[in-house]
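A.B. asks: sequence first, predicted coordinates after that:
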Amino acid sequence: FDAFVSYSQHDAEWVEEILVPELESSQPSFALCLHKRDFRPGRWIVDNIIDSIEKSHRTLFVLSEHFVTSEWCRYELDFSHFRIVDEHNDSAVLVLLEPIKKETIPKRFCKLRKIMNSRTYLEWPVEEE
């Protein structure tokens, strides 16, 4: 996969109706890994997450207030952070779906704060056009 997409279930509509069609139909197209369609049934969720991130060149984080309250998103971020720091792998791409003040990100998401402070990220515009 070109990218594993990490997002909160609350943002699924935007991911599935806007982001995925745009990236998968672009030229060149991107092969995206989504938990909803690409996780193998019967496997532990954690194993599916690790396997999907390892088989993807990048991890695309769709950040929102919902993202920072999700335990599964935190796990995906933790594993991706391991790749970034320990393996010196420049694999994280951050898209802010809505403004999030860094100081409002919970302390348990300290890795997200660190990534946001050290990397350029995309902010989804209010005017979607």
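C.D. replies: On my side now, so go ahead.
A.B. asks: next SSE downstream of the helix or strand bottoming out on mean pLDDT in the chain?
C.D. replies: Ranking every helix and strand in the chain by mean pLDDT, DSSP states H and E puts helix 110-118 at the bottom, with a mean of 69. Scanning forward in sequence from helix 110-118 by DSSP states H and E, the next helix or strand is strand 122-123.
A.B. asks: so what strands line up beside that following strand?
C.D. replies: strand 92-96 (parallel) (DSSP bridges).
A.B. asks: and residue 5, what are its bridge partners?
C.D. replies: residue 60.
A.B. asks: mind listing the strands for the protein?
C.D. replies: With DSSP state E as the criterion, the chain has strands at 3-6, 32-33, 58-63, 92-96, 122-123.
A.B. asks: can I get these in JSON lines with mean neighbour count?
C.D. replies: C-betas here are computed from N, CA, C, even on glycine. As requested, those are exported to JSON lines (neighbours: other CB atoms under 10 Å):
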{"stretch": "strand 3-6", "mean neighbour count": "26"}
{"stretch": "strand 32-33", "mean neighbour count": "20"}
{"stretch": "strand 58-63", "mean neighbour count": "24"}
{"stretch": "strand 92-96", "mean neighbour count": "18"}
{"stretch": "strand 122-123", "mean neighbour count": "12"}
